[in-house]
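Participant: After the sequence you'll find the predicted model.
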Amino acid sequence: RMVVLFSFELEFYRGHGIEADFSGHPLIDIVRPSESKDAFRQSIGAEKVPLVGFLPGSRKQEIRRILPAMTESLNLIEASAGKVRGVLGCAPDLDDHEYQPYLKNSSILPLRGKTYDIMAHSDVLAVASGTATLEAGISGTPMVIVYRTSPLTYFIGKRVVKIQDIGLINIVAGSRIVPELSQNEANPEHIAGQVTRFLKDASLREKTKQLLATARTKLGEPGASDRAASVALELLRSAVL
């Protein structure tokens, strides 16, 4: 018996004769900013300019492969869209020295312990593919998904994985509601281009927010952990009786 986080998993497991329950996703209960939008943006000097959040992932290899393109994109964004405030969400388990080589001569402000505030209060995000895309989707902020791995891993993955999208929020939505940039496309020019589209087009931002809100409903209601625990307790009681 399976307890699954995503509703689309039910059909898969049941199709193979496995009883499955959809609990919903526990991130619905977890993703919360720690500050109000006004307080957060004032604290980082972004009261009067657009805020662009950069979330390059939480692993060292992600930082090495993704952060350089993100930091280099900021000048291109400002050249096209005007002055913005760029902030970097640093992973709690990575030391500052993992980021510093890529932040030289950059105006991006590194922040630690403020990931959900960055997600909730930015105008646009550039996010490494992974759980962060789901967290950002729950926050409802338009984003560009960035994915870079080793050429060999990507080569193998493309032949094994048969789905078109790599971003979790797009997979949950059932269609590509936010743009994805992978491998060679995940470069400063393309990141800047997609971020700038969102900054310049208010109707695109609003439409994307609506699509993200719809996708969020597919993750279930609050209380996923309690529902999963209820299934486990039911099985335990059955075993005892």
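Facilitator: Structure's in. What do you need?
Participant: from what I can see Leu94 touches Ser58, true?
Facilitator: Yes - if you go by CB atoms under 8 Å, Leu94 and Ser58 touch, sitting 6.9 Å apart. C-betas here are computed from N, CA, C, even on glycine.
Participant: Against which helices or strands is the host helix or strand of Leu199 packed?
Facilitator: Counting by DSSP states H and E, the element that carries Leu199 is helix 188-200. If contacts are counted by 3 or more CB pairs under 8 Å, 6 or more residues apart in numbering; DSSP states H and E, helix 188-200 sits against helix 60-81, strand 124-128, strand 143-147, strand 180-182, helix 202-217.
Participant: now the ones you listed in TSV, with mean pLDDT and mean neighbour count?
Facilitator: Formatted as TSV, those follow (pLDDT from 0 to 100; neighbours: other CB atoms under 10 Å):
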stretch	mean pLDDT	mean neighbour count
helix 60-81	95	19
strand 124-128	97	27
strand 143-147	96	27
strand 180-182	94	19
helix 202-217	96	15
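Participant: Go through those and name the closest to Asp21.
Facilitator: Closest approach to Asp21 among the helices and strands packed on helix 188-200 is made by helix 202-217 (18.3 Å; CB to CB).
Participant: Please tell me how far that closest one is from the chain's geometric centre.
Facilitator: Centroid separation for helix 202-217 versus its chain: 14 Å, with CA atoms, centre = their mean, to the nearest Å.
Participant: what element comes up after it heading to the C-terminus?
Facilitator: Using DSSP H and E, the next helix or strand after helix 202-217 towards the C-terminus is helix 224-240.
Participant: The helix holding Leu199 versus helix 202-217: what angle between them?
Facilitator: Following axes from the mean of the first three to the mean of the last three CA atoms, to 10 degrees, one obtains 100 degrees for the angle between helix 188-200 and helix 202-217.
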